[in-house]
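**Student:** With the input below, show me the fold.
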Amino acid sequence: MGRTQASNSSYQAAILLLTLTLILLALVLVHYFTDNLPFLRLLLLGANAGKSSETSRYSSESRCRRSEQKCDLFSGNWIPYRGGGPYYTNRSHCVIDGGQNCIKFGRRDTNFMKWRWKPDECELPLFDPVQFLELVRGKSMAFVGDSLSRNQFQSLGCLLSSVVHYENDSSMEEDESRFVQWFYKDYKFTLTHVHSEYLVKAQGVDPAPKKPIVLYLNDVDETWASVIRDFDYVIISSGHWYSKPLMYYEKGELVGCYQCNQTNVTDLTGYYGYRVAFETAFRALIDHRRSFKGKVFLRTISPSHFEFKDKGGRGFCPREQPYEKQEMSFDWYIGTYYMIQMEEFRKAQREARKKGLNFRLLDVTEAMRLRPDGHPNIYGLRPGQKIRSTDCLHWCLPGPIDTWNELLFQMLKNEKIAN
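**Tutor:** Here you go, the predicted structure:
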């Protein structure tokens, strides 16, 4: 009997210890996600979205940002804008790809242009093109990434078009689908887009590949890395291309694949390649041999909003106003990419500080999760296309993507004040 009671006591103690351990682990995970991954607050807020301002006070990320910027620019809500129309139109003298020229291709509702991003703890000032150009006078800025990077690049060009026009400084020998450079003579400011879907060396890149795209994950894409020393600001990004079938090489050896369906090849995820590619890209920016001395902004991943699938399996994005936060369900696909970005960014930021480099975060993920209304949907025609297809990935110009450059502008202003 004594042994049985002792055995039961030991069993109960073990169960209690296991329970306490699991509770402690859960608390640690919640603390990590809310403090280190601001976008993941959407999962925890849900119907309690009205408390987001209060919750964000306890984020160490927010505390850090407030010390630099007086408030967390990246946590907030979209509010109706009563101050007038957009900064520009599809008739302004600026470059808008047909795929994002929504009004030209028949979009009739204009409500998607009548919302502004409102941070929880402050106001986001309007974009001032003259002040922006003064901040970057005599400097150079490059957007490095895929077609969403070009989307932001063209947005900035349109925002500046009301006060100044550029000279096309792209070389005749260069493929303008891969490298575009504009020079604003009055301000001696150079604005560039360098196209790089994966940021690392890639072969067989195609929007609809018939066989897996080959990635050399340890080798940076020299299209952008070879010119990086010329820029004072680099806005770097990558994302949705990692959902395609991929073959992964590291140090010259095939290490695995994603969706390749090949025997004797290790099955890896798209997330695996994404993480290693960002390690490689950040390492190239920090590498002293490349002589880069500028500032780096990581623009976080923005979501797609395909819904209401048709028979062909594609979806549409017909909504005409933003989501409320309580309408949101958590997107683990985007959330995982975002988490990887944040983890690799923080590691790189620590290394960059040792070298005297400045890495900053342009966090658009939470804001854009709420904007299913901002995509072209069926109202666009991409270059080379004869028939329209649904686009719920890119963003109409003008549209909510202009907010990315409002945020960039505010960050540059805050840096100027801090210095």
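**Student:** quick one: Lys201 and His195, what's the gap?
**Tutor:** 14 Å (C-beta to C-beta, to the nearest Å). Every C-beta, even on glycine, is put in place using the N, C-alpha and C of the backbone.
**Student:** for Arg346, same thing?
**Tutor:** 27 Å.
**Student:** and these two? which has more neighbours close in?
**Tutor:** A count of neighbours by other C-beta atoms under 10 Å puts His195 above the other of Arg346 and His195, at 21 against 14.
**Student:** beta partners of the more buried one?
**Tutor:** On the basis of DSSP bridges, His195 is bridged to Gly145.
**Student:** Is it in contact with Arg178, as I believe?
**Tutor:** Yes - assessed by C-beta atoms under 8 Å, His195 is found in contact with Arg178 at 4.4 Å.
**Student:** which neighbours do the two share?
**Tutor:** Counting by C-beta atoms under 8 Å, 6 or more residues apart in numbering, the shared contacts of His195 and Arg178 are Thr223.
**Student:** what about stretch 131-146, how long is it end to end?
**Tutor:** Distance across stretch 131-146, first residue to last, is 28 Å (C-alpha to C-alpha, to the nearest Å).
**Student:** Just the pLDDT for Gly313.
**Tutor:** Gly313 carries a pLDDT score of 53 in this model.
**Student:** now the one 5 residues further on
**Tutor:** Pro318 is assigned a predicted lDDT (pLDDT) of 90.
**Student:** where do the strands sit along the stretch 151-300 of the chain?
**Tutor:** 167-168, 179-184, 189-195, 200-203, 213-220, 233-236, 246-250, 253-258, 295-299 (DSSP state E, counting those that start in this stretch).
**Student:** Confidence-wise, which helix or strand of the protein is lowest on average?
**Tutor:** Lowest mean confidence among the helices and strands of the chain (mean pLDDT, DSSP states H and E): helix 52-56, at a mean of 37.
**Student:** what about the chain, any weak spots by pLDDT?
**Tutor:** Counting by pLDDT under 70, the chain contains low-confidence residues at 1-14, 16-17, 20-70, 171-176, 308-314, 382-387.
**Student:** what do you get if the cut-off is 80, keeping everything else the same?
**Tutor:** 1-70, 83-84, 170-177, 308-314, 329, 382-388, 417-419 (pLDDT under 80).
**Student:** in it, which spans are helices?
**Tutor:** 2-36, 41-45, 52-56, 60-69, 129-135, 147-160, 222-225, 270-286, 332-354, 365-369, 402-418 (DSSP state H).
**Student:** Flag every buried residue along stretch 213-222.
**Tutor:** Of the residues in stretch 213-222, Ile213, Val214, Leu215, Tyr216, Leu217, Asn218, Asp219, Val220, Asp221 count as buried by neighbour count, 16 or more other C-beta atoms under 10 Å.
**Student:** quick one: the nearest residue to the second one once chain neighbours are set aside from Ser162, how far?
**Tutor:** So the one you mean is Val214. Nearest in space to Val214, with sequence neighbours left out and distances taken as C-beta to C-beta, 6 or more residues apart in numbering, is Gln203 at 4.3 Å. Separation of Gln203 from Ser162 (C-beta to C-beta): 42 Å.
**Student:** The two: which is more packed in?
**Tutor:** Higher neighbour count among Gln203 and Ser162: Ser162, with 14 against 10, using other C-beta under 10 Å.
**Student:** Could you verify my assumption that the more buried one touches His93?
**Tutor:** No - with contact defined as C-beta under 8 Å, Ser162 does not count as touching His93 (9.1 Å).
**Student:** got a list of contacts for stretch 129-136?
**Tutor:** So stretch 129-136 is contacted by 159-160, 162-164, 184, 186-187, 189, 232-233, 409, 412-413, 416 (C-beta under 8 Å, 6+ apart).
**Student:** most neighbours, which of those residues?
**Tutor:** Neighbour-wise, the contacts of stretch 129-136 (other C-beta under 10 Å) top out at Leu160, 26 neighbours.
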